[in-house]
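1. let's see this in three dimensions:
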Amino acid sequence: EDIDIANRDMTARKLENLPDIRVGQGIDIHPFDTGDAVTLCGVAIPFTHRLQGHSDADVAMHALTDAILGAIGEGDIGTHFPPSDPQWKGAPSRIFLARAMELIGGDSGAVYLWDEVTQVAIPQSWQGFDAWMADVRIRPGDGVTGTVLARRQGMLVNSFRTSPYATPFWLERSPHVAVLGEPLLYGDRLVGAITVTRNDPACPFQDDDQRLLQFFAAPAAIAIENNRMMKQIQEQFEEFVKASVTAIESRDAATSGHSFRVAELCKQMALAVNAEEKGVFGDMRFSEMAIKELEYAALLHDFGKVY
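-> A predicted model of the protein is given here:
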């Protein structure tokens with residue numbers, strides 16, 4: 001009997017020392033509909049269809065938000081953003097994710113992207129800060145965010161205002177007393193950083209909060225980097241098309257610039273149709289993808305001159 005009591009006591013003590021681990025599960029399903037892009041993790045991926053939904057139907061963001069809400073015992077995404085509410089019609093899913101972070105307890109936060117050319121981190125989006133954030137530039141080693149960038153490691157600073165990371169810039173502009181920061185890493189490459197702050201000294205961040213921010217950081221870095229690569233591919237393709245057209249038209253001085261003029265004319269005609277609300281073209285609309293395809297087709301309509 002004494003051995004059984006001792007075993008139960010030891011088991012209870014082991015359980016007391018275990019960290020507070022919470023698990024949430026998120027599943028989201030949307031049917032396909034006619035369209036020109038599918039939005040996943042905030043990135044619009046060109047496609048022949050879109051996902052049908054009350055908001056932007058971002059299944060990845062919705063599933064992630066549901067998992068977070070479930071982990072903190074706050075229901076699901078439909079509880080906080082009901083489909084019957086017209087204010088969420090077409091709303092970007094980053095709003096849902098921001099709400100989930102708010103439920104965790106952050107008063108403000110920001111996502112910074114690393115600029116390889118200038119070697120600074122530039123705010124990409126923020127919440128709880130004013131318009132002055134648009135001009136902020138963070139160098140490695142500057143404050144909490146800069147230290148996170150330099151070390152490529154997360155930080156938890158609860159006594160921020162008396163810490164060595166408190167710079168006059170932030171002390172003058174923000175009342176926050178606690179900061180959580182995590183680097184955004186795509187493999188070994190630095191993408192940026194994400195920070196969340198609290199203003200109440202009685203509510204310091206806990207280790208669980210830091211683990212949750214780490215959970216956010218990984219998919220955020222992948223989504224941001226994928227978006228960057230897609231934009232880079234798009235820009236390179238456009239440069240290739242324009243260079244090819246310029247080379248072709250340089251062979252004939254009489255028609256030089258013709259393809260660019262045709263492309264601009266086609267684009268403006270499509271935009272004019274979109275602006276019509278009555279008559280034959282009242283119900284006709286060109287999507288951004290369709291206008292871009294029309295522009296490419298016009299640019300390349302004389303591509304057969306290559307010989």
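
2. check what pLDDT residue 49 gets.
-> Residue 49 is assigned 80 on the pLDDT scale.

3. oh, I was asking about residue 226
-> Taking residue 226 on its own, its pLDDT is 72.

4. tell me, how many neighbours does it end up with?
-> 16 (other CB atoms under 10 Å). Where C-beta positions appear, they are placed from N, C-alpha and C, glycine not excepted.

5. surely it is in contact with residue 43?
-> Yes - between residue 226 and residue 43 there is a contact under CB atoms under 8 Å: 5.6 Å.

6. check which helix or strand covers residue 114.
-> Using DSSP states H and E, the element containing residue 114 is strand 108-115.

7. need the contact partners of whichever helix or strand comes after that strand.
-> Downstream of strand 108-115, the next assigned helix or strand under DSSP H and E is strand 120-127. Applying CB atoms under 8 Å, 6 or more residues apart in numbering, the external contacts of strand 120-127 come out as 94, 98, 101, 108-115, 133-134, 136-139, 145-146, 149, 192-193, 224.

8. partners of the strand holding residue 114, with directions?
-> Sheet pairing of strand 108-115 (DSSP bridges) gives strand 120-127 (antiparallel), strand 189-198 (antiparallel).

9. now, of those, which is deepest in the fold?
-> Highest mean neighbour count of the strands paired with strand 108-115: strand 189-198, a mean of 23 (counted as mean count of other CB atoms under 10 Å).

10. mean confidence for it?
-> On average, strand 189-198 scores 88.

11. export it as CSV, just CAs?
-> The C-alpha trace of strand 189-198 is given here as CSV (Å, rounded to 0.1, in the frame of the first residue of the first chain):
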residue,chain,number,x,y,z
ARG,A,189,17.4,32.6,-45.3
LEU,A,190,16.2,35.5,-43.2
VAL,A,191,12.8,36.7,-44.4
GLY,A,192,11.9,39.1,-41.6
ALA,A,193,10.5,39.1,-38.1
ILE,A,194,7.2,39.2,-36.3
THR,A,195,6.6,41.0,-33.0
VAL,A,196,3.7,41.1,-30.5
THR,A,197,3.5,43.5,-27.6
ARG,A,198,1.4,44.0,-24.4
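
12. just the angle for the next helix-or-strand element following that strand relative to strand 108-115, thanks.
-> Counting by DSSP H and E, the next helix or strand C-terminal to strand 189-198 is helix 207-249. Interaxial angle, helix 207-249 versus strand 108-115 (axes from the mean of the first three to the mean of the last three CA atoms, to 10 degrees): 40 degrees.

13. can you list the buried residues in the next helix or strand after helix 207-249?
-> Per DSSP H and E, the first helix or strand lying C-terminal to helix 207-249 is helix 258-275. Neighbour counts over helix 258-275 (16 or more other CB atoms under 10 Å) mark 259, 260, 262, 263, 266, 267, 270 as buried.

14. go on, stretch 135-148?
-> In stretch 135-148, counting by 16+ other CB under 10 Å, buried: 136, 138, 140, 142, 143, 144, 145, 146, 147, 148.
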